[in-house]
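>>> From the sequence below, what's the structure:
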Amino acid sequence: MPSTSLVVPLAEAHFHQLHAVLDEVAREKRYLAMLQAPPREQTFAFLRESLSNRNPHVVALLDGQVVGWCDVLPVFGEARRHVGTLGIGLVRRARHRGLGRALLEAAIAGAWVKGLARIELTVRADNHNARELYERLGFQHEGRQYGTFQVDGETFDSHAMALLRDGPR
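Numbering: from 1, shown residues only. Below you'll find the predicted structure:
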């Protein structure tokens, strides 16, 4: 039987599975700044705050199970209230099925509805698949950041990228 996938807004019913997904992706030590999920209570508090602030936050379901997420969170400061930071993760078994793109498109659409005008992200320089996907969706390179990640004694660079609601200047 073919698998079914779906992208839906975050709901409290997703919290337990999402925490496990966050931990699984973090432990790959390639995609996130964290190397394991924070404690469950801390993760749940973060997710509840995201829901209460109506942040663009979606999850991917594969055969009814949470397999990924994408969010756009506001940045600090009144002068930057039009800016959000994008975060995304997808477990290995759910990659290369179009779910990453679907997650991004849903979160970006939610960010524009919320009134944001700029979405920023940081991606490790060796994560070519993600960079190419971001580029296909219109994200522009804004610079290379040197030595931004350290994992198991190895240092990695990253790229700063951004998407402007009204397109590049």
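>>> Poorly predicted segments of this structure, please.
Scanning the chain for pLDDT under 70 picks out 1-2, 169.
>>> Quick one: neighbours of Leu22, just the number.
Leu22 has 24 neighbours, counted by other CB atoms under 10 Å. Heads up, the C-betas are built off the backbone N, CA and C, glycines and all.
>>> How about it, nearest residue that isn't a chain neighbour?
Closest residue to Leu22 apart from its sequence neighbours, by CB to CB, 6 or more residues apart in numbering: Ala37 at 4.3 Å.
>>> For the chain, just list every one of the helices.
Along the chain, the stretches classed as helices by DSSP state H are 15-26, 40-52, 99-114, 128-136.
>>> Can you point out the buried residues in the first one?
It stands for helix 15-26. Of the residues in helix 15-26, Phe15, Leu18, His19, Ala20, Val21, Leu22, Asp23, Glu24, Val25, Ala26 count as buried by neighbour count, 16 or more other CB atoms under 10 Å.
>>> try the longest one
Judged by neighbour count (16+ other CB under 10 Å), helix 99-114 contains these buried residues: Leu99, Gly100, Ala102, Leu103, Leu104, Ala106, Ala107, Ile108, Gly110, Ala111.
>>> Who are the contact partners of the fourth one?
Right, Leu103. The contact partners of Leu103, taken as CB atoms under 8 Å, 6 or more residues apart in numbering, are Val7, Val58, Val59, Ala60, Gly68, Trp69, Cys70, Ile88, Leu90.
>>> Could you measure from the residue most central in space within the chain over to Ala160?
Residue closest to the mean C-alpha point of the chain, counted by CA atoms, centre = their mean, is Ile88 at 1.8 Å. Distance of Ile88 to Ala160, computed by CB to CB, to the nearest Å: 16 Å.
>>> Arg101 now?
Computed as CB to CB, the Arg101 to Ala160 distance reads 21 Å.
>>> how many other residues sit next to Arg118?
The burial count for Arg118: 16, using other CB under 10 Å.
>>> ok, for it, nearest residue in space, not its chain neighbours?
Leaving aside its sequence neighbours, Arg118 sits nearest to Val83 (CB to CB, 6+ apart; 4.6 Å).
>>> That neighbour: what's it in contact with?
Here Val83 is in contact with Pro74, Val75, Leu116, Ala117, Arg118, Ile119, Glu120 (CB under 8 Å, 6+ apart).
>>> Could you double-check that the fourth one lies in contact with Leu163?
In this case it means Ala117. No. Ala117 is not in contact with Leu163 according to CB atoms under 8 Å; the separation is 9.8 Å.
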